[in-house]
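Chemist: got a sequence here, can you build the structure:
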Amino acid sequence: MKKIAKKSAFILLAVSMLQLSVVSAAFAKNTLKPGETLAKGQMLQSADGRFALVMQQDGNLVHYMSGNGLWDTNTDNKSFELYYDYFLQKPVYVYPDKLVLNTNGVLQLKDLRDTHVFWTADTAGWMRQHYGSMGVPVPTGLVGDTLYVQDDGNVTLYDTKSSSWQPVWATNTYGH
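Modeler: Numbering: from 1, shown residues only. The predicted structure follows:
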């Protein structure tokens, strides 16, 4: 009788775990807000499920379409020597561990201790190029407050405080 009870409990647990993965996939997050992070092994996914922004274990932030890389930060296996530990007789390194959208709108790839920045989204350069190509002056005072993985294949940092969402940076991978 105990064997049957154990098997039944195991089967119920297995079924509930399968249901949990289906539910979590259906509610995959597609935005990053100020103060939030995307840690190694985590991802943001477009609502239609075709695109994913993945913070990989190797420290590279990669934007994928159906498993194919479209864009990345080129930070895989990067490190920074933080200091030399004389007791252990070896250097202490930090690695790109998380994507952070700071409260001031700066999107950065940092180590766990927040001591080193490995990559920063060039919002000023992107806005000059984007708005300049449209013959429009670069808007002033824009601050990125929502990183959004879109169904059109683009990952875009928006200022949502304006009357209409204004982009301040993007991967420029739309149209896939």
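
Chemist: for residue 134, see how far away the residue lying closest to residue 121 once chain neighbours are set aside is.
Modeler: Excluding its sequence neighbours, the residue lying closest to residue 121 (C-beta to C-beta, 6 or more residues apart in numbering) is residue 107, at 4.0 Å. Heads up, the C-betas are built off the backbone N, CA and C, glycines and all. Using C-beta to C-beta, to the nearest Å, residue 107 is found at 22 Å from residue 134.

Chemist: out of these two, which sits in the more crowded spot?
Modeler: Neighbour tally, residue 107 and residue 134, criterion other C-beta atoms under 10 Å: the higher count belongs to residue 107, 21 against 7.

Chemist: just the pLDDT for the more buried one.
Modeler: At residue 107, the pLDDT value in this model is 97.

Chemist: quick one, what contacts it?
Modeler: By C-beta atoms under 8 Å, 6 or more residues apart in numbering, the residues touching residue 107 are 99-101, 120-121, 123, 144, 147, 157, 169.

Chemist: same thing but at 6 Å, please
Modeler: 101, 121, 157 (C-beta atoms under 6 Å, 6 or more residues apart in numbering).

Chemist: what does residue 134 show for phi and psi?
Modeler: phi -90, psi 0 (degrees, to the nearest 10).

Chemist: for this structure, which segments count as helices?
Modeler: Applying DSSP state H to the chain gives helices spanning 2-26, 123-133.

Chemist: which stretch in the ones you listed has the least confidence?
Modeler: Minimum mean pLDDT among these: helix 2-26, a mean of 44.

Chemist: output the below-cut-off pLDDT ranges for this protein.
Modeler: The model of the chain has pLDDT under 70 over residues 1-27, 176.

Chemist: what ranges does it have for its strands?
Modeler: Using DSSP state E, the strands of the chain run over residues 31-32, 37-39, 43-45, 51-55, 61-65, 68-72, 80-85, 90-94, 98-101, 107-110, 117-120, 146-149, 155-159, 166-170.

Chemist: residue 128 and residue 169, how far apart?
Modeler: According to C-beta to C-beta, residue 128 and residue 169 sit 11 Å apart.

Chemist: whoops, residue 141 was the one
Modeler: Per C-beta to C-beta, residue 141 is found 15 Å from residue 169.

Chemist: what about those two, which has more around it?
Modeler: Just comparing residue 141 and residue 169: by other C-beta under 10 Å the higher neighbour count belongs to residue 169, 24 against 8.

Chemist: could you give the bridge partners of that one?
Modeler: residue 157 (DSSP bridges).

Chemist: roughly how far does it sit from residue 98?
Modeler: Look at residue 169 and residue 98: by C-beta to C-beta, they are 18 Å apart.
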